[in-house]
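**Student:** Compute the structure for the input listed below.
(chains A and B)
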Amino acid sequence: SQQGEEDPQALSIQEGENATMNCSYKTSINNLQWYRQNSGRGLVHLILIRSNEREKHSGRLRVTLDTSKKSSSLLITASRAADTASYFCATTQTGANNLFFGTGTRLTVIP
Amino acid sequence: DGGITQSPKYLFRKEGQNVTLSCEQNLNHDAMYWYRQDPGQGLRLIYYSQIVNDFQKGDIAEGYSVSREKKESFPLTVTSAQKNPTAFYLCASSNQGAKVEQYFGPGTRLTVT
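**Tutor:** Now for the predicted structure:
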């Protein structure tokens, strides 16, 4: 079953603007990861945030995690056309050995 | 070059035929995974293997089978029992199960007519 749900399903912005995507999940987690997928390709890992962390940065990416609300957000600052892709959150449930993926947000950055 | 490879990129089969998708990794990872992705959807777990000669069913294992005879290889067979086999199949590996990032192959797009 898909544990996470991203919001919005699709997002279209101008180059240079910031993009924010949200992920909600249902059960207790060990960690939450964000992945990127270009059309018709495999997924690429972006960032992992553990359940005891609240915020993490990597380059132009900022991820927050609120375990009380069971939600996470991914912020991409100063977006570029090359950021156009689908973005998925994935969670590791407590005691599980596999990832549960959300439904994804399709981001389009217009040059 | 280290990484995870899947072949072929595109595969076409007639209904009623079994087909095997290849997944190979040279990352020395213990864990390997197979996912299915349908258009506009997230990934759903088919099977996973934490160690050689052992594997577990995921959420949608019916109609699929796997083997893990070697650490670097985790082939997936889509059997004729799978009702809707047309999909994009992704293989992944990791070195500590789900505690760390997974590395994905480029995927195989299977079309069954």
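**Student:** Contacts only, for the most centrally placed residue in chain B.
**Tutor:** The centroid of chain B falls nearest to B:W34 when counting by Cα atoms, centre = their mean (3.0 Å). By Cβ atoms under 8 Å, 6 or more residues apart in numbering or on different chains, the contact set of B:W34 is B:23, B:45-48, B:58, B:64, B:66, B:74, B:76, B:89-91. All C-beta spots, glycine's among them, are computed from the backbone N, C-alpha and C.
**Student:** Just the ones in strands from those residues, please.
**Tutor:** Cross-referencing these against strands under DSSP state E gives B:C23, B:L45, B:I46, B:Y47, B:Y48, B:Y64, B:V66, B:L76, B:Y89, B:L90, B:C91.
**Student:** do you know how far A:Q14 is from chain B?
**Tutor:** In this structure, A:Q14 and chain B are 24 Å apart, going by Cβ to the nearest Cβ, to the nearest Å.
**Student:** what's around the residue nearest to that residue when sequence neighbours are not counted, how many residues?
**Tutor:** Once flanking residues are discounted, A:Q14 sits nearest to A:I110: 5.4 Å by Cβ to Cβ, 6 or more residues apart in numbering or on different chains. For A:I110, the tally of surrounding residues (other Cβ atoms under 10 Å in any protein chain shown) stands at 11.
**Student:** Now that we're looking at A:I110, what pLDDT does it have?
**Tutor:** Here the pLDDT value assigned to A:I110 is 97.
**Student:** Equivalent analysis for A:D7, please.
**Tutor:** 89.
**Student:** same question, B:G2
**Tutor:** For B:G2, the model assigns a pLDDT of 61.
**Student:** related to what we said a few turns ago, pipe the contacts of B:W34 into TSV and attach pLDDT per row.
**Tutor:** Below are these laid out as TSV (pLDDT from 0 to 100):
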residue	pLDDT
B:C23	97
B:L45	94
B:I46	96
B:Y47	96
B:Y48	95
B:G58	93
B:Y64	97
B:V66	98
B:F74	98
B:L76	98
B:Y89	97
B:L90	97
B:C91	97
